[in-house]
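Undergrad: got a predicted model here, sequence first, then my questions.
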Amino acid sequence: MDDLEKAILISFDESGAVDSVLKSQAVAFVQQIKETPSVCSICIEKLCFCKLVQVQFWCLQCLHEVLRAKYLSLMPEEKSFIRKSVFGMACYESVNANDTNWVKLLDGPAFIKNKLAQVVVTLIYFEYPLIWPSVFVDFLPNLSKGAVVIDMFSRVLNALDDELISLDYPRTGDELAVAGRIKDAMRGQCVPQIVGAWYDIVLMYRNSDPELCASVLDSMRRYISWIDIGLIVNDAFTQLLFELMLVDGLPDQLRAAAAGVVLAVVSKRMDPKPKLALLQSLHMNRLFRLVARDGDSELVSSVASLLTGYATEVLECANSLSLEDGKGVSGELLNEVLPSVFYVMQNCEVDSAFSIVQFLSVYVGTMKGLPTLTETQLLHVGHILEVIRAHIQFDPMYRSNLDVLDKIGREEEDRMVEFRKDLFVLLRNIGRVAPDVTQMFIRNSLASAVSSSEDRNVEEVEAALSLFYELGESLSDDAMRNGSSLLGELVPMLLSTKFPCHSNRLVALVYLDAINRYMKFVLENTQYIPMALCAFLDERGIHHPNANVSRRASYLFMRGVKLLKAKLVPYIETILQSLQDTVAQFTKMDSVSKELSGSEDGSHVFEAIGLLIGMEDVPLEKQSDYLSALLTPLCQQVEVALLNAKSQNPEGSLAHIGNIQQIIVAINALSKGFSQKLVTTSRPAIGLMFKQTLDILLEILVVFPRVESLRCKVTSFIHRMVETLGTSVFPYLPKALEHLLTESEPKELVGFLLLLNQLICKFGVGVHDILEEVYPVIANRVFNILPKNDILSGPGSCTEEIRELQELQRTFFTFLNVIATHNLSSVFLSPKSSGCLELMMQFLLHACCNHKDILIRKACVQIFVRLIKDWCTDPNGEEKVPGFRSFIVEAFATNCCLFSVLDKSFEFRDANTLVLFGEIVMAQKVMYEKFGNFFLLHFVSKGFPNIHCPQDLAEQYCQKLQENDIKALKSFYQSLIEKLRLQQNGSLVFR
């Protein structure tokens, strides 16, 4: 063993036994050898005499790399030597005829032969057909040496396909050109001989070496897409391929390989008419029986892929051909193969390249527009429905994961939700072309599930319920309300059923969703209301042992109450009695958990109760009793918790926080059922109960001033009471706002601003006095928190703190806009707010010129427009706000209306930017109306010259401004800005 061989062995070592320094030295040494001019000769010599596979692999890899990188710089005699040596090795020959001890690479492991094939293909890449035209022709006589050379020839063909020809991999333009050159040369020179060799090899070795035949057929499959199909589709070769598939004694691997070749034949791109003739000539019905064998075998899988591929091609022909060209023939072939295809879809592993949904959708599409369907078509529709039902079923192996909804269960559920979408679209399409068959199939599926025994497959029941749920998707509101005979049978059947597997989460959820979908039927058929209520309220729904199901049932029950409304009045007592334990459980400390977060947190039970008892159809006395029975114990719990908290240390009081949160959520949800009219006008006694509740809950802010979760819940309840109590909430606002203002964190301020926005939007100038008190406090806090210029953005800026600042800034701008647009701008001028005015103006000016959010810029321009209208009523008299007019004309007009729009970042092609531009143009119109020549003097006479605006354009602008056509002004001003941008050509830096 010489130094190179030792170095190669060390460099390949992965055991960890070799010293790292020594390994580095070995790697450096072999790299040095690779760079020597004679490396190809060294490699070939080693390949001839060294039996170490690591050395053989390194030498072949080195040859491959040198040829790829340096072929053009090699000398002709060196290329010839490499070519002759490599080809000799591939043909099981010695490089030197006199050597008797030469190493036979073809006796080595598969990875050595594959690497040798890769080197041969690299030579073909550069030399075939111009330099080495005889490579394939020279290879063919060597096949008589037996299996070892035949195997090598197949590896070369496979490598040629992988490295160059196959379009399964991305190719460069040069590679595509070389591939085209090689294919053209092979077609003209040697393809018929190669096909003849394939035929002879398979015929000769099918019994003695079926594995070799399978590898030859695999190579053959790769080449069918671009060689003459007549070389394969002929009496001899076609007959041989079908014999291989149909003879039971042969190994599955060989039979499956033959099926792969025939699949390549049927998939070959051809014009529809000759393609149909080819498909018809194959007599594929001979293979139908093969798919009924063991569904897991390689043969069945391959034949399944063949039949689905064949059916796809026949269907394509059917859609492409007219009746005269063979549409009838393609229809017959399709009808013949479809039963086997349906069997494959339900019982076999289908090739990933075949889309079941796509194929079936295309087939169903052929039925659209037909006046009636034939018996065969209706039979096929039934099979398709069975396929859909089979494929929408969950895998039983995930049953427990899906029931407890662990990580695996969540992933499987998400996957199936996505997977089912296309299948349900297909179901709806079938429902349109064959409604009666579809409805009867769903009816039978549901009836079978309902009558099932305890051993019934959970997944089958869930699938039947899902089909019934999806049926509702295609029914109109009228059809749902009136109820066909089918719904008249199935909905009562569903409502009265308790499945043995109802404890399963998936079954329970889809059952509830199905009932919810058909509640419009119950609305029109009120005799079924008691059954629907039972389904929601018993162990199938709200009392289901699974918390996810119970909470989902609460939400769907609330939706049902919204729909049925007054029709439920006779059942209120029964409903409330049934929900007693649920109501009590919700507010218990041990029911509070992270799982309760989210939209379906169980609080919908209280919303449903509120909707029921909040109707005017309920007598006042009963309504008061119902509400009192709910509110009184809840409020008492809060009062007790607050008393305990006052007397305990902070750590002890934390035990009450979760309980209080749940109570606030419950009361908030309950109040949603009571309208403002009812609690303030028709039944003020009910309003009084909510006022008393609000008074108690506001005390939470006193006892727990810094508990964010409680402050958020109380704020949410105040929002609700603003809508429920109307102006009668006013006496409670000072206390509420005072306590909410104790915190200055950005997140807290956002919540406070949202509450103020709601108050302004609902009561307008009615909140002037309140706003006058709180505005200066909140404005000063915001100005102290927010940076004077832009909030950081870009890489590294998406921290939670930055996001909170951005949200505060956005909400504060909205707050200022709401004040200005609700006739409350006088608040900005109150004595208490005087210290904030200058800061606010600069804040707004910077934003309307520079902010990256176009919507914020628009809101700020709107604020300025409104302030101009409010504060500049007299163009000639004394200024209402000293200095405001000069600020607007000199700062706002010039910077926002001129410089900011000249900046090329102001993109006119953006829809939101165009809306902002419209506001900016409107601002100019308002400034001219309010300030007249004072505006023109500064904006046109001083501003326009700074940007080198031509005099004629300035005059046209003045003319357009004085006219009453705002659209014409906007259009002109946009063209003016675009002309000025071109004129500046980036030479002027604005702002």
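TA: Sure, I can see it.
Undergrad: if I look at residue 266, how far off is residue 225?
TA: 12 Å (CB to CB, to the nearest Å). Quick note: C-beta positions are derived from backbone N, CA and C, even for glycine.
Undergrad: so which of those two has more stuff around it?
TA: Between residue 266 and residue 225, residue 266 has the larger neighbour count (other CB atoms under 10 Å), namely 22 against 16.
Undergrad: correct me, but the more buried one touches residue 280?
TA: No: assessed by CB atoms under 8 Å, residue 266 is found out of contact with residue 280, at 11.2 Å.
Undergrad: state the mean pLDDT of stretch 347-355.
TA: The average pLDDT within stretch 347-355 is 75.
Undergrad: what about the residue nearest the centre of the chain, helix or strand, and which?
TA: In the chain, the residue lying closest to the centroid (CA atoms, centre = their mean) is residue 418, at 9.2 Å. Element membership for residue 418, per DSSP states H and E: helix 407-433.
Undergrad: buried ones in the helix or strand just after that helix, by neighbour count?
TA: Sequence order places helix 435-450 as the next helix or strand after helix 407-433, per DSSP H and E. By 16 or more other CB atoms under 10 Å, the buried positions in helix 435-450 come out as 437, 438, 439, 441, 442, 443, 445, 446, 449, 450.
Undergrad: now for helix 435-450, which elements pack on it?
TA: With contacts defined as 3 or more CB pairs under 8 Å, 6 or more residues apart in numbering; DSSP states H and E, helix 435-450 has these neighbours: helix 375-391, helix 407-433, helix 458-471, helix 485-495.
Undergrad: dump those helices to TSV, plus distance to residue 665 and mean pLDDT.
TA: Shown next, in TSV, are the helices and strands packed on helix 435-450 (distance: least, CB to CB, whole Å; pLDDT from 0 to 100):
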stretch	distance to residue 665	mean pLDDT
helix 375-391	41	95
helix 407-433	25	94
helix 458-471	30	94
helix 485-495	30	89
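Undergrad: which one of the ones you listed is the most hemmed in?
TA: helix 458-471 (a mean of 24; mean count of other CB atoms under 10 Å).
Undergrad: what helices or strands is the following helix or strand past that helix leaning on?
TA: Using DSSP H and E, the next helix or strand after helix 458-471 towards the C-terminus is helix 477-482. In this structure, helix 477-482 packs against helix 519-524, with contacts taken as 3+ CB pairs under 8 Å, 6+ apart.
Undergrad: mind exporting the C-alpha coordinates of the helix it packs on to PDB?
TA: Taking Å, rounded to 0.1, in the frame of the first residue of the first chain, the C-alpha atoms of helix 519-524 are listed here in PDB:
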ATOM      1  CA  MET A 519     -81.100  24.700  12.600                       C
ATOM      2  CA  LYS A 520     -83.000  26.700  10.000                       C
ATOM      3  CA  PHE A 521     -85.000  23.500   9.400                       C
ATOM      4  CA  VAL A 522     -85.800  23.400  13.100                       C
ATOM      5  CA  LEU A 523     -86.800  27.100  12.900                       C
ATOM      6  CA  GLU A 524     -89.600  26.200  10.500                       C
END
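Undergrad: if you count neighbours, what's buried in the lowest-mean-pLDDT helix or strand in the chain?
TA: Here the helix or strand of the chain ranked lowest by mean pLDDT, DSSP states H and E is helix 477-482, holding a mean of 80. Buried residues in helix 477-482, counted by 16+ other CB under 10 Å: residue 480.
Undergrad: which residues touch that helix?
TA: Helix 477-482 has contacts (CB atoms under 8 Å, 6 or more residues apart in numbering) with 472, 487, 518, 520, 521, 523, 524.
Undergrad: give me the buried subset of the residues you listed.
TA: 472, 487, 518, 520, 521, 523.
Undergrad: isn't the first one right up against residue 518?
TA: Read it as residue 472. Yes: between residue 472 and residue 518 a contact is recorded at 6.1 Å, counting by CB under 8 Å.
Undergrad: chain center to whichever helix or strand residue 65 is part of: distance?
TA: Using DSSP H and E, residue 65 falls within helix 53-70. Centroid separation between helix 53-70 and its chain, computed with CA atoms, centre = their mean, to the nearest Å, is 45 Å.
Undergrad: mind checking the pLDDT average for it?
TA: On average, the pLDDT along helix 53-70 is 94.
Undergrad: residues contacting residue 261?
TA: By CB under 8 Å, 6+ apart, the neighbours of residue 261 are 217, 220, 221, 224, 232, 241.
Undergrad: now, these that are in helices?
TA: Members of those lying in helices (criterion: DSSP state H): 217, 220, 221, 241.
Undergrad: just the pLDDT for the closest residue to the first one other than its chain neighbours.
TA: Spatially, and ignoring its direct neighbours in sequence, residue 217 is nearest to residue 257 (3.9 Å; CB to CB, 6 or more residues apart in numbering). The score at residue 257 is 97. That number is its pLDDT.
Undergrad: what about residue 257, helix or strand, and which?
TA: Per DSSP H and E: helix 252-267 holds residue 257.
Undergrad: next, find the distance separating the closest residue to residue 452 other than its chain neighbours from residue 386.
TA: Ranked by CB to CB, 6+ apart and with sequence neighbours excluded, the top spatial neighbour of residue 452 is residue 461, at 6.4 Å. Distance, residue 461 to residue 386, by CB to CB: 16 Å.
Undergrad: so what touches stretch 968-983?
TA: With CB under 8 Å, 6+ apart as the criterion, stretch 968-983 contacts 901-902, 904, 908, 917-918, 921, 924-925, 947-949, 953, 956-957, 960-961, 963.
Undergrad: got the CA coordinates for stretch 254-273 in PDB?
TA: Output of stretch 254-273 as PDB, limited to C-alpha atoms (Å, rounded to 0.1, in the frame of the first residue of the first chain):
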ATOM      1  CA  LEU A 254     -40.000  -8.300 -12.700                       C
ATOM      2  CA  ARG A 255     -43.800  -8.100 -13.300                       C
ATOM      3  CA  ALA A 256     -43.900  -4.700 -11.600                       C
ATOM      4  CA  ALA A 257     -41.100  -3.500 -13.900                       C
ATOM      5  CA  ALA A 258     -43.000  -4.600 -17.000                       C
ATOM      6  CA  ALA A 259     -46.100  -2.600 -15.700                       C
ATOM      7  CA  GLY A 260     -43.800   0.400 -15.400                       C
ATOM      8  CA  VAL A 261     -42.800   0.100 -19.000                       C
ATOM      9  CA  VAL A 262     -46.400  -0.100 -20.200                       C
ATOM     10  CA  LEU A 263     -47.300   2.900 -18.000                       C
ATOM     11  CA  ALA A 264     -44.500   4.900 -19.800                       C
ATOM     12  CA  VAL A 265     -46.100   3.700 -23.100                       C
ATOM     13  CA  VAL A 266     -49.600   4.900 -22.200                       C
ATOM     14  CA  SER A 267     -48.300   8.200 -20.800                       C
ATOM     15  CA  LYS A 268     -46.300   9.100 -23.900                       C
ATOM     16  CA  ARG A 269     -47.400  12.500 -25.300                       C
ATOM     17  CA  MET A 270     -49.300  12.000 -28.600                       C
ATOM     18  CA  ASP A 271     -52.100  13.500 -30.600                       C
ATOM     19  CA  PRO A 272     -55.500  12.300 -29.300                       C
ATOM     20  CA  LYS A 273     -56.500  10.200 -32.300                       C
END
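Undergrad: follow-up on the earlier one: report the contact partners of the residue nearest to residue 217.
TA: So, once contact is read as CB under 8 Å, 6+ apart, residue 257 ends up touching 213, 214, 215, 217, 218, 221, 244, 302.
Undergrad: equivalent analysis for residue 862, please.
TA: 817, 820, 821, 919.
Undergrad: same question, residue 385
TA: 427, 430, 437, 438, 441.
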